[in-house]
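1. Have a look at this prediction, sequence included:
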Amino acid sequence: MSDAIEIKGLKKTYAGSGKAAPKEALKGIDLSIPRGSVFGLLGPNGAGKSTLINILAGLVVKTEGSVKIWGWDQDVNPRQSRASIGVMPQELNLDPFFTPRAALEVQAGLYGVPRAQRRSDELLEMLGLADKAHAYARTLSGGMRRRLLLGKALVHNPHILVLDEPTAGVDIGLRQMLWDNVRRLNQEEGKTIILTTHYLEEAEEMCDQIAIINQGEKIAQDTTANMLGRLDAKAMVIVPDHDVTTMPQGEGLDVSRRDDGALVIRYRSNTTTADRVLGAVREAGITIRDVKTEEADLEDVFLELTNTGRAHARG
Ligand SMILES: Nc1ncnc2c1ncn2[C@@H]1O[C@H](COP(=O)(O)OP(=O)(O)OP(=O)(O)O)[C@@H](O)[C@H]1O
(Lines give C-alpha, C1' and ligand atoms only; values in the text may rest on other atoms or scores of the structure.)
Protein backbone atom coordinates (compact mmCIF):
# COMPACT_ATOMS: atom_id res chain seq x y z
CA MET A 1 0.00 0.00 0.00
CA SER A 2 1.28 3.44 -0.87
CA ASP A 3 2.01 6.02 1.78
CA ALA A 4 -0.52 8.79 2.42
CA ILE A 5 1.93 11.28 0.94
CA GLU A 6 4.98 10.53 -1.20
CA ILE A 7 7.06 13.52 -2.18
CA LYS A 8 10.22 13.19 -4.28
CA GLY A 9 12.72 15.87 -5.21
CA LEU A 10 10.24 18.67 -4.54
CA LYS A 11 11.51 22.13 -5.46
CA LYS A 12 9.85 25.50 -5.45
CA THR A 13 11.44 28.73 -6.60
CA TYR A 14 9.35 31.88 -6.32
CA ALA A 15 10.08 34.43 -9.04
CA GLY A 16 11.60 37.59 -7.57
CA SER A 17 9.49 40.72 -7.91
CA GLY A 18 11.18 43.95 -9.04
CA LYS A 19 14.85 43.80 -8.13
CA ALA A 20 14.40 40.97 -5.63
CA ALA A 21 16.22 37.76 -6.51
CA PRO A 22 14.20 34.56 -7.02
CA LYS A 23 13.61 32.69 -3.78
CA GLU A 24 14.32 28.97 -3.58
CA ALA A 25 11.78 28.03 -0.89
CA LEU A 26 12.07 24.22 -1.29
CA LYS A 27 15.40 22.74 -2.42
CA GLY A 28 14.57 19.14 -3.32
CA ILE A 29 12.53 17.57 -0.54
CA ASP A 30 11.86 13.83 -0.22
CA LEU A 31 9.13 13.03 2.27
CA SER A 32 6.94 9.99 2.93
CA ILE A 33 4.06 10.22 5.36
CA PRO A 34 2.54 6.89 6.41
CA ARG A 35 -1.21 6.32 6.29
CA GLY A 36 -2.96 6.71 9.63
CA SER A 37 -0.25 8.78 11.26
CA VAL A 38 -0.41 12.14 13.00
CA PHE A 39 2.56 13.78 11.33
CA GLY A 40 4.21 16.99 12.49
CA LEU A 41 5.97 19.25 10.02
CA LEU A 42 8.23 21.56 12.00
CA GLY A 43 10.69 24.25 11.13
CA PRO A 44 11.62 27.85 11.89
CA ASN A 45 9.83 30.78 10.24
CA GLY A 46 10.44 30.85 6.52
CA ALA A 47 11.61 27.22 6.39
CA GLY A 48 9.17 26.37 3.61
CA LYS A 49 6.36 24.61 5.53
CA SER A 50 3.52 26.69 4.12
CA THR A 51 4.95 26.38 0.63
CA LEU A 52 4.96 22.60 0.99
CA ILE A 53 1.42 22.53 2.37
CA ASN A 54 0.17 24.88 -0.31
CA ILE A 55 1.66 22.61 -2.97
CA LEU A 56 -0.19 19.65 -1.40
CA ALA A 57 -3.37 21.74 -1.38
CA GLY A 58 -2.92 22.65 -5.04
CA LEU A 59 -2.62 26.35 -4.21
CA VAL A 60 1.04 26.74 -5.19
CA VAL A 61 2.50 25.22 -8.36
CA LYS A 62 5.72 23.29 -7.77
CA THR A 63 8.82 24.00 -9.82
CA GLU A 64 10.14 20.43 -9.91
CA GLY A 65 9.61 17.00 -8.36
CA SER A 66 6.69 14.66 -7.85
CA VAL A 67 3.86 14.61 -5.32
CA LYS A 68 1.60 11.62 -4.74
CA ILE A 69 -1.42 11.97 -2.50
CA TRP A 70 -3.01 8.69 -1.38
CA GLY A 71 -1.20 7.05 -4.29
CA TRP A 72 -2.46 9.56 -6.87
CA ASP A 73 0.15 11.59 -8.73
CA GLN A 74 -0.83 15.25 -8.62
CA ASP A 75 0.17 15.74 -12.27
CA VAL A 76 -1.39 12.54 -13.63
CA ASN A 77 -4.56 12.30 -11.50
CA PRO A 78 -5.19 15.83 -10.24
CA ARG A 79 -8.88 15.24 -9.46
CA GLN A 80 -8.32 12.11 -7.35
CA SER A 81 -5.33 13.55 -5.55
CA ARG A 82 -7.27 16.72 -4.71
CA ALA A 83 -10.24 14.68 -3.45
CA SER A 84 -7.95 12.78 -1.06
CA ILE A 85 -6.83 15.79 0.94
CA GLY A 86 -8.46 18.61 2.91
CA VAL A 87 -6.50 21.63 4.08
CA MET A 88 -7.30 23.98 6.94
CA PRO A 89 -5.33 27.13 6.06
CA GLN A 90 -3.56 29.49 8.40
CA GLU A 91 -5.43 32.64 7.35
CA LEU A 92 -9.03 33.13 8.38
CA ASN A 93 -10.14 33.72 4.79
CA LEU A 94 -13.92 33.30 4.67
CA ASP A 95 -16.48 34.97 2.45
CA PRO A 96 -18.10 37.44 4.88
CA PHE A 97 -21.52 37.13 3.27
CA PHE A 98 -21.89 33.36 3.53
CA THR A 99 -23.46 31.72 6.55
CA PRO A 100 -21.49 28.75 7.95
CA ARG A 101 -24.01 26.33 6.46
CA ALA A 102 -23.83 28.00 3.05
CA ALA A 103 -20.00 28.06 3.21
CA LEU A 104 -19.95 24.29 3.77
CA GLU A 105 -22.51 23.66 1.01
CA VAL A 106 -20.59 25.81 -1.50
CA GLN A 107 -17.35 24.03 -0.63
CA ALA A 108 -19.05 20.64 -1.03
CA GLY A 109 -20.32 21.82 -4.42
CA LEU A 110 -16.78 22.78 -5.46
CA TYR A 111 -15.64 19.26 -4.64
CA GLY A 112 -18.57 17.73 -6.50
CA VAL A 113 -20.05 16.07 -3.41
CA PRO A 114 -23.60 14.88 -4.34
CA ARG A 115 -26.37 16.42 -2.21
CA ALA A 116 -27.26 13.07 -0.66
CA GLN A 117 -23.68 12.69 0.63
CA ARG A 118 -23.30 16.17 2.04
CA ARG A 119 -22.90 16.42 5.79
CA SER A 120 -23.00 20.12 6.50
CA ASP A 121 -25.30 19.78 9.52
CA GLU A 122 -23.28 16.94 10.97
CA LEU A 123 -20.08 19.00 10.63
CA LEU A 124 -21.67 22.08 12.18
CA GLU A 125 -22.80 19.93 15.10
CA MET A 126 -19.33 18.38 15.50
CA LEU A 127 -17.70 21.80 15.53
CA GLY A 128 -20.17 23.33 17.96
CA LEU A 129 -21.46 25.73 15.30
CA ALA A 130 -25.02 24.37 14.92
CA ASP A 131 -26.55 27.44 16.55
CA LYS A 132 -24.56 29.68 14.16
CA ALA A 133 -25.55 27.77 11.03
CA HIS A 134 -27.39 30.81 9.62
CA ALA A 135 -25.29 33.68 10.99
CA TYR A 136 -23.16 35.72 8.59
CA ALA A 137 -19.49 34.71 8.65
CA ARG A 138 -18.49 38.31 9.40
CA THR A 139 -20.36 38.08 12.74
CA LEU A 140 -18.39 35.00 13.84
CA SER A 141 -15.56 35.20 16.37
CA GLY A 142 -12.02 34.25 15.35
CA GLY A 143 -12.41 30.88 17.09
CA MET A 144 -15.67 30.15 15.29
CA ARG A 145 -14.11 31.04 11.93
CA ARG A 146 -11.28 28.65 12.60
CA ARG A 147 -13.74 25.88 13.40
CA LEU A 148 -15.63 26.63 10.20
CA LEU A 149 -12.38 26.38 8.23
CA LEU A 150 -11.86 22.92 9.74
CA GLY A 151 -15.38 22.05 8.60
CA LYS A 152 -14.61 23.29 5.08
CA ALA A 153 -11.52 21.06 4.98
CA LEU A 154 -13.72 18.06 5.81
CA VAL A 155 -16.75 18.49 3.49
CA HIS A 156 -15.50 15.91 0.98
CA ASN A 157 -14.49 13.46 3.72
CA PRO A 158 -10.81 13.33 2.65
CA HIS A 159 -8.40 10.60 3.75
CA ILE A 160 -5.83 13.22 4.72
CA LEU A 161 -6.40 16.33 6.80
CA VAL A 162 -3.75 19.06 6.80
CA LEU A 163 -3.74 21.71 9.51
CA ASP A 164 -1.46 24.72 9.04
CA GLU A 165 -0.77 26.26 12.46
CA PRO A 166 -4.25 25.32 13.73
CA THR A 167 -3.78 26.63 17.24
CA ALA A 168 -1.74 29.80 16.64
CA GLY A 169 -3.26 32.49 18.84
CA VAL A 170 -6.32 30.49 19.95
CA ASP A 171 -7.47 30.20 23.55
CA ILE A 172 -7.08 27.04 25.61
CA GLY A 173 -10.72 25.97 25.24
CA LEU A 174 -10.63 26.10 21.46
CA ARG A 175 -7.24 24.46 21.33
CA GLN A 176 -8.60 21.58 23.40
CA MET A 177 -11.63 21.30 21.15
CA LEU A 178 -9.54 21.27 17.99
CA TRP A 179 -7.23 18.60 19.35
CA ASP A 180 -10.12 16.45 20.59
CA ASN A 181 -11.58 16.57 17.09
CA VAL A 182 -8.24 15.84 15.46
CA ARG A 183 -7.64 12.84 17.74
CA ARG A 184 -11.11 11.49 17.04
CA LEU A 185 -10.73 11.95 13.28
CA ASN A 186 -7.44 10.06 13.46
CA GLN A 187 -8.40 7.28 15.85
CA GLU A 188 -12.05 6.66 14.95
CA GLU A 189 -12.16 7.66 11.30
CA GLY A 190 -8.59 6.62 10.48
CA LYS A 191 -7.71 9.94 8.87
CA THR A 192 -4.06 10.77 8.34
CA ILE A 193 -3.29 14.10 9.97
CA ILE A 194 -0.48 16.44 8.93
CA LEU A 195 0.08 19.55 10.96
CA THR A 196 2.48 22.40 11.35
CA THR A 197 2.83 24.06 14.70
CA HIS A 198 5.13 26.43 16.50
CA TYR A 199 4.24 24.78 19.79
CA LEU A 200 6.78 22.03 20.15
CA GLU A 201 5.11 20.64 23.25
CA GLU A 202 2.00 20.22 21.19
CA ALA A 203 3.90 18.35 18.49
CA GLU A 204 5.54 16.17 21.13
CA GLU A 205 2.14 15.28 22.55
CA MET A 206 0.13 14.91 19.35
CA CYS A 207 2.45 13.57 16.66
CA ASP A 208 3.75 10.05 16.22
CA GLN A 209 6.20 11.15 13.52
CA ILE A 210 7.98 14.41 12.89
CA ALA A 211 9.94 15.94 10.03
CA ILE A 212 12.02 19.07 10.52
CA ILE A 213 12.49 21.43 7.61
CA ASN A 214 15.08 24.16 7.59
CA GLN A 215 15.87 26.59 4.77
CA GLY A 216 13.96 24.54 2.23
CA GLU A 217 15.57 21.23 3.14
CA LYS A 218 14.43 18.29 5.24
CA ILE A 219 17.05 17.90 7.94
CA ALA A 220 15.42 15.13 9.98
CA GLN A 221 12.51 12.72 9.97
CA ASP A 222 11.76 10.12 12.59
CA THR A 223 9.22 8.87 15.10
CA THR A 224 8.70 11.37 17.88
CA ALA A 225 10.13 8.84 20.36
CA ASN A 226 13.31 8.32 18.32
CA MET A 227 13.61 12.02 17.67
CA LEU A 228 13.66 12.64 21.42
CA GLY A 229 15.96 9.66 22.00
CA ARG A 230 18.51 10.78 19.40
CA LEU A 231 19.55 13.56 21.71
CA ASP A 232 21.02 11.70 24.63
CA ALA A 233 21.96 15.07 26.06
CA LYS A 234 21.27 15.37 29.75
CA ALA A 235 21.94 18.05 32.27
CA MET A 236 22.60 17.56 35.95
CA VAL A 237 21.90 20.57 38.12
CA ILE A 238 23.93 20.50 41.34
CA VAL A 239 23.14 22.86 44.19
CA PRO A 240 26.35 23.00 46.29
CA ASP A 241 26.33 23.39 50.04
CA HIS A 242 29.06 26.08 49.93
CA ASP A 243 30.86 28.42 47.54
CA VAL A 244 32.58 26.43 44.85
CA THR A 245 36.25 27.19 44.29
CA THR A 246 37.22 24.29 42.03
CA MET A 247 34.93 23.35 39.16
CA PRO A 248 34.35 19.66 38.45
CA GLN A 249 36.30 18.42 35.42
CA GLY A 250 36.21 15.38 33.20
CA GLU A 251 36.02 14.23 29.62
CA GLY A 252 32.57 14.75 28.11
CA LEU A 253 31.46 17.12 30.86
CA ASP A 254 30.41 20.65 30.05
CA VAL A 255 30.22 22.59 33.31
CA SER A 256 28.75 26.03 33.81
CA ARG A 257 27.69 28.04 36.85
CA ARG A 258 24.26 29.63 37.06
CA ASP A 259 23.63 33.05 38.62
CA ASP A 260 22.09 31.37 41.68
CA GLY A 261 25.34 29.44 42.29
CA ALA A 262 24.06 26.08 41.03
CA LEU A 263 26.30 24.12 38.68
CA VAL A 264 24.87 22.82 35.42
CA ILE A 265 26.77 19.84 34.08
CA ARG A 266 25.80 18.74 30.59
CA TYR A 267 26.76 15.27 29.41
CA ARG A 268 25.76 12.50 27.01
CA SER A 269 24.12 9.57 28.76
CA ASN A 270 25.37 7.15 26.07
CA THR A 271 29.01 7.78 26.96
CA THR A 272 28.96 9.14 30.49
CA THR A 273 27.15 7.68 33.50
CA ALA A 274 25.50 9.81 36.17
CA ASP A 275 27.89 8.15 38.62
CA ARG A 276 30.88 9.58 36.76
CA VAL A 277 29.34 13.04 36.84
CA LEU A 278 28.76 12.79 40.59
CA GLY A 279 32.31 11.40 41.04
CA ALA A 280 33.75 14.48 39.29
CA VAL A 281 31.70 16.70 41.60
CA ARG A 282 33.04 14.95 44.70
CA GLU A 283 36.62 15.01 43.40
CA ALA A 284 36.32 18.79 43.13
CA GLY A 285 35.59 18.80 46.87
CA ILE A 286 31.98 19.87 46.46
CA THR A 287 29.33 18.83 48.97
CA ILE A 288 25.98 18.42 47.28
CA ARG A 289 22.89 19.96 48.89
CA ASP A 290 20.50 19.05 46.08
CA VAL A 291 20.64 17.50 42.65
CA LYS A 292 18.30 16.93 39.71
CA THR A 293 18.65 15.80 36.12
CA GLU A 294 16.96 17.21 33.03
CA GLU A 295 16.16 15.29 29.84
CA ALA A 296 16.24 16.75 26.35
CA ASP A 297 12.85 17.71 24.98
CA LEU A 298 11.73 18.39 21.44
CA GLU A 299 12.80 22.00 21.75
CA ASP A 300 16.40 20.91 22.41
CA VAL A 301 16.32 18.55 19.44
CA PHE A 302 14.88 21.26 17.25
CA LEU A 303 17.44 23.85 18.31
CA GLU A 304 20.34 21.47 17.94
CA LEU A 305 19.24 20.48 14.44
CA THR A 306 18.28 23.89 13.12
CA ASN A 307 21.10 25.88 14.72
CA THR A 308 24.10 23.71 14.09
CA GLY A 309 23.07 22.02 10.85
CA ARG A 310 25.23 19.09 11.98
CA ALA A 311 22.52 16.48 11.64
CA HIS A 312 21.55 14.90 8.38
CA ALA A 313 18.23 13.66 7.10
CA ARG A 314 17.17 10.20 8.18
CA GLY A 315 14.26 8.08 7.03
N1 LIG B 1 4.65 34.15 -2.89
C2 LIG B 1 5.94 34.23 -2.55
N3 LIG B 1 6.81 34.95 -3.27
C4 LIG B 1 8.11 35.04 -2.95
N5 LIG B 1 8.67 34.43 -1.88
C6 LIG B 1 7.85 33.70 -1.09
C7 LIG B 1 6.45 33.59 -1.36
N8 LIG B 1 5.90 32.78 -0.41
C9 LIG B 1 6.91 32.45 0.43
N10 LIG B 1 8.08 32.99 0.02
C11 LIG B 1 9.40 32.84 0.66
O12 LIG B 1 9.72 31.46 0.68
C13 LIG B 1 10.30 31.09 1.93
C14 LIG B 1 9.48 30.00 2.60
O15 LIG B 1 8.24 30.55 3.03
P16 LIG B 1 7.10 29.70 3.72
O17 LIG B 1 5.94 30.63 3.96
O18 LIG B 1 6.85 28.47 2.95
O19 LIG B 1 7.78 29.31 5.11
P20 LIG B 1 7.13 28.76 6.45
O21 LIG B 1 8.04 27.68 6.90
O22 LIG B 1 5.71 28.39 6.22
O23 LIG B 1 7.20 29.97 7.42
P24 LIG B 1 6.15 30.48 8.52
O25 LIG B 1 6.29 29.54 9.65
O26 LIG B 1 6.67 31.84 8.82
O27 LIG B 1 4.80 30.47 7.87
C28 LIG B 1 10.40 32.37 2.74
O29 LIG B 1 11.70 32.89 2.56
C30 LIG B 1 9.38 33.27 2.13
O31 LIG B 1 9.74 34.61 2.26
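-> Done, it's in.
2. switch to C-alpha atoms for all contacts and neighbour counts from now on
-> Will do.
3. For the ligand, give me its nearest residue in the stretch 151-300 of the chain.
-> Nearest to the ligand, among the residues of the stretch 151-300 of the chain, is Gly216, at 7.1 Å (CA to the nearest ligand atom).
4. okay but Phe98 is in contact with Thr139, surely?
-> No: Phe98 is not in contact with Thr139 according to CA atoms under 8 Å; the separation is 10.5 Å.
5. Please identify which of the two sits among more neighbours.
-> Taking neighbours as other CA atoms under 10 Å, Phe98 and Thr139 compare with Phe98 leading, 16 against 13.
6. Show me which residues of the stretch 1-150 of the chain are close to the ligand?
-> Residues of the stretch 1-150 of the chain found near the ligand (CA under 6 Å from any ligand atom) are 14, 23, 25, 45-51.
7. low-confidence ranges in the chain?
-> Screening the chain residue by residue with the criterion pLDDT under 70, one finds the ranges 230-231, 296, 308-315.
8. which residues are contacting the lengthiest helix in it?
-> Longest among the helix segments of the chain by residue count, using DSSP state H, is helix 172-187. With contact meaning CA atoms under 8 Å, 6 or more residues apart in numbering, helix 172-187 is reached by 36-38, 143, 147, 166-167, 191-193.
9. Pull out the buried members of those residues.
-> Among the contacts of helix 172-187, those classed as buried by 16 or more other CA atoms under 10 Å are 36-38, 143, 147, 166-167, 191-193.
10. okay, these in CSV with secondary structure next?
-> Rendered in CSV, the data for these read as follows (DSSP: H, G, I helix; E, B strand; the rest coil):
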residue, secondary structure
Gly36, coil
Ser37, coil
Val38, strand
Gly143, helix
Arg147, helix
Pro166, coil
Thr167, coil
Lys191, coil
Thr192, strand
Ile193, strand
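11. Make TSV out of the residues you listed and add distance to Gly261.
-> Putting those into TSV (distance: CA to CA, whole Å) gives the following:
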residue	distance to Gly261
Gly36	49
Ser37	45
Val38	43
Gly143	45
Arg147	49
Pro166	41
Thr167	39
Lys191	51
Thr192	49
Ile193	46
